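Participant: the following comprises the amino acid sequence and a computationally predicted model.
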Amino acid sequence: MQSIFEKNLAAWEKCYPETKEFVIKKYNELKSNDIQTVVAEQDYSGETILAVNKDEKKIYLSGKRNYQKAVEKWGENYKIAQPAAFIFLVGIGNPSFAKQLDKVMTKEARILIYEPSMEIFFKVMECIDISKFLDSGRSVVFLVDGINDEMIDRSIESIINVNMLPYFDIYVCPNYNTLFLEKTSKFVKSVSRLCENARIGLNTNIRYLPVRSENVFHNIIHVNMGYDTKQFTEFIPRDIPTFIVGAGPSLDKNIDELKRAKGKGFIIACDTAVRPLLAHGIVPDLYVLVDGLKPVHLIKAEGTETIPLLTSVTATYGFLDQNKAIKIFYNENELLVNKLFYQNGKSLATMPCGGSVATSAFAFAYLIGMKNIVLVGQDLALTGDYVHAKGTFDKTDDKADGHDTFLVDGNYDEKVSTRGDFYSYLKWFEYYIEGCQEYEPQLRVINATEGGAKIKYTEIKTLQETIDELCVKEIDIQKEMGKIAPSFNECQRENNVKFIKGLPDEFRTIAKGADELKKSYKKLEKLAQSRNMDTKAYLKLLKKIEKQTKSIEKHPECMSNISETLKIADFIINSESGMAYGSINEEGKNISKQGIMYCDLLKECAELFADLTNEIYGEIDFSEIKVK
């Protein structure tokens, strides 16, 4: 007869087959150590409950009397949760909480359970049958510290859907804050951070909606002629320092010092730092541009067109059009771009951008394996009324308005004034640098800004000291870059051009599909208005709508841009799709209402993009695809 542990292990293996052997190994190690801090007892009704011995006290993970009633009452809160809601539960020490969620929530709901104690996990596996819960078939993710906790961020991201952010909750099971405060806090912060990132992503996309797709349609031509970030790992020597130059006010103090780094380091400029650098006779080896709304005139200066560019496919296309040097791209999950690579048996490297040019530059430097990264002009703070170095923009553009600022620790001053966007970048630097140094202990990040906000995990040094120490080797960066071949050869470029030139017809096909889909939604609307609805006809029509929708989705590259452009509509429609309705007629009315509205928007957007891509590609001489 199977033991409780064997039953649970068999269920666990179905969910996480790759961890079975590791789970057995850890279990045997724990048994051999004879650790007895977690004990199993029987409550007054005969149910198994767990307690933890700590500081000569016994701490129950639920309670000993009538805890089941408390759990049931707690579960009532989630009976009214939307069908597609998601719950983050800290602790499996008393499986009653997880089982109650499974009981009261719909199958569409998603649950992520984080257990910060391996010992508690194994005691549950030994003493409490959770096999049916593990093998319930619902969307449950189970993470245990020390077993598969490295998947935390990835697992949370896989569950979080921006449309359902109004319907998520975090619950910490009783006494977990007392027993595992640090781990519990870290997990809750991770959930909050990733949810906030999802919100920021939505807001950013909405901000870029008017120009995003137009930039993509223009810039995909440059991708076809461009380079991939990962190509540079083989050609840029890793033993030279990388200088990431921002346009913070402190750049005025040491900008001329950077002349000594030219030819002895890899100088990467943030977009707004290009003008001040060129004004001081310093030509950066690379500059970074990711903003899709930045007006061309703001950083336009003589010489910028010959500087290699690390950029985004959604960046202002005017910058890319005027730049005659090599252009480097990274994977932004833009399906139109990825299609160019996939159809040629290639892939485009991903890169965590962090939302700014400075964070993107840092991610690039780390990605290509640079061991010494130096931050210059990265104030992430205000100096007086100024947020940028002199000459970055016109004089009238350099001053901050002084609103919504607050104090943070400084590099040289005890406290400095910053604002929300700078602070979010600062926290990204700290989070990312900490992770990089855990993975690559030899990575040095030197903050040679000589002012501004303090960034944890960086060494504070002057730029002069840094250059004296690290700039000891002559290097011709442009010569090294010249050895790199573009992402695609001539034959592959021709293959990509066929795809690009076919985009207008793809959008027209989607527009026709939206028209047909709308007709089905109109029939659904009429059916839902009848007093005695024909249920069979209703279900048949829903299947037809599903089939038509899938047919439209056979054009994923084009649909991705339409979906991004209709982000606000998607957010409204999809957030309502998880709602529960009182009757099938009410459900049908709401489905048809949303469907008709979406079809109108879909058709309008598809036709707009068909005309736009036809206009853009009609002006391009596609014969110029020779490898330079």
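Facilitator: Now that the structure is in, tell me what you want to look at. Residues are numbered from 1 along each chain as shown.

Participant: can you give me the helices for the stretch 101-250 of the chain?
Facilitator: Under the criterion DSSP state H, counting those that start in this stretch, the stretch 101-250 of the chain contains helices at 118-127, 131-134, 152-159, 176-179, 181-225.

Participant: which of those has the lowest average pLDDT?
Facilitator: Ranked by mean pLDDT, those bottom out at helix 152-159, with a mean of 63.

Participant: which element follows the least confident helix or strand in the chain by mean pLDDT toward the C-terminus?
Facilitator: Between all helices and strands in the chain, the lowest mean by mean pLDDT, DSSP states H and E belongs to helix 567-576, at a mean of 47. Downstream of helix 567-576, the next assigned helix or strand under DSSP states H and E is helix 584-618.

Participant: need the three-state assignment for residue 416.
Facilitator: Judged by DSSP: H, G, I helix; E, B strand; the rest coil, the three-state class of residue 416 is strand.

Participant: need the contact list for it.
Facilitator: 379, 381-382, 407-410, 451-453 (C-beta atoms under 8 Å, 6 or more residues apart in numbering). All C-beta spots, glycine's among them, are computed from the backbone N, C-alpha and C.

Participant: just those: which are in helices?
Facilitator: Within the contacts of residue 416, no residue falls in helices by DSSP state H.

Participant: now the buried members of these.
Facilitator: Taking 16 or more other C-beta atoms under 10 Å as the criterion, what is buried in those is 379, 381-382, 408, 410, 451-453.

Participant: which one among these gets closest to residue 532?
Facilitator: Among the buried ones among the contacts of residue 416, residue 408 lies closest to residue 532 (C-beta to C-beta), at 65.8 Å.

Participant: what bridges to residue 52?
Facilitator: Following DSSP bridges, residue 52 is listed with bridge partners residue 38, residue 59.

Participant: how much space between it and residue 59?
Facilitator: Computed as C-beta to C-beta, to the nearest Å, the residue 52 to residue 59 distance reads 5 Å.

Participant: more neighbours: these two, which one.
Facilitator: residue 52 (22 against 16; other C-beta atoms under 10 Å).

Participant: isn't the more buried one right up against residue 40?
Facilitator: No. Contact criterion C-beta atoms under 8 Å: residue 52 and residue 40 do not qualify, at 11.1 Å.

Participant: now stretch 532-540: average pLDDT?
Facilitator: 86.

Participant: give me the buried positions along it.
Facilitator: Buried-residue list, stretch 532-540, by 16+ other C-beta under 10 Å: residue 538.

Participant: what's the answer for stretch 273-292, then?
Facilitator: Buried-residue list, stretch 273-292, by 16+ other C-beta under 10 Å: 273-278, 282-292.

Participant: low-confidence ranges, the stretch 351-500 of the chain, go.
Facilitator: Scanning the stretch 351-500 of the chain with the threshold set as pLDDT under 70 gives 384-404.

Participant: repeat that for 80
Facilitator: When residues are selected by pLDDT under 80, those of the stretch 351-500 of the chain lie in 354-355, 383-404.

Participant: got the phi/psi numbers for residue 288?
Facilitator: Per-residue torsions, residue 288: phi -120, psi 130 (degrees, to the nearest 10).

Participant: no, scratch that, I was asking about residue 329
Facilitator: phi -120, psi 160.

Participant: show me the contacts for it.
Facilitator: Per C-beta under 8 Å, 6+ apart, neighbours of residue 329: 222-223, 226-229, 311-313, 337, 348.
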